[in-house]
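Student: Predicted model, plus sequence, below.
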Amino acid sequence: MKVSSPIGELPFEATAIRIVAGGLRVEGRMGAWPAQVDLDISDLPALLRLTRPALYALGGTTLIVALARRPRAHRKA
């Protein structure tokens, strides 16, 4: 991942995800500095709106694969 900031673009390398009081914390390094991103329950609606297209694509792909793999009844003529 990259983080854009006033000092330029810095790589963000996530090293851990933790459940903390009130939400999630993503820990990592941004360039040479330790960094963390804290997400709480109020961030959930915005995150779901951002990920909706990807979730639809994943669901559609899963449905297609499931339908393609289901057993077909053998017909006798």
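Tutor: Good, I have the coordinates.
Student: Quickly note the distance from the residue nearest to residue 41 when sequence neighbours are not counted to residue 15.
Tutor: Computed as Cβ to Cβ, 6 or more residues apart in numbering, the closest residue to residue 41 that is not its neighbour in sequence is residue 23, at 6.1 Å. For glycine as for every other residue, the C-beta is placed from the backbone atoms N, C-alpha and C. Per Cβ to Cβ, to the nearest Å, residue 23 is found 18 Å from residue 15.
Student: higher neighbour count, those two?
Tutor: Neighbours of residue 23 and residue 15, each counted by other Cβ atoms under 10 Å, are more numerous for residue 23; the result is 14 against 11.
Student: give me the beta-bridge partners of the more buried one?
Tutor: Beta-bridge partners for residue 23, by DSSP bridges, are residue 20, residue 40.
Student: what's the burial count for residue 10?
Tutor: Count around residue 10 with other Cβ under 10 Å applied: 17.
Student: need the strands for this protein, in chain order.
Tutor: Assigned by DSSP state E, the chain shows strands spanning 2-5, 8-20, 23-30, 33-40.
Student: For those strands, give me TSV that also has distance to residue 56.
Tutor: Output for the strands of the chain, formatted as TSV (distance: least, Cβ to Cβ, whole Å):
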stretch	distance to residue 56
strand 2-5	26
strand 8-20	24
strand 23-30	23
strand 33-40	22
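Student: Out of those, the one nearest residue 53 is which?
Tutor: When those are compared by Cβ to Cβ, strand 33-40 sits nearest residue 53, at 19.8 Å.
Student: Any buried residues in the closest one, and which?
Tutor: Buried residues in strand 33-40, counted by 16 or more other Cβ atoms under 10 Å: 35, 39.
Student: per-residue confidence averaged over it?
Tutor: For strand 33-40, mean pLDDT is 90.
Student: Quick one: residues in contact with it.
Tutor: With contact meaning Cβ atoms under 8 Å, 6 or more residues apart in numbering, strand 33-40 is reached by 3, 12, 20, 22, 23, 24, 25, 26, 27, 28, 29, 47.
Student: Alright, I will stop here.
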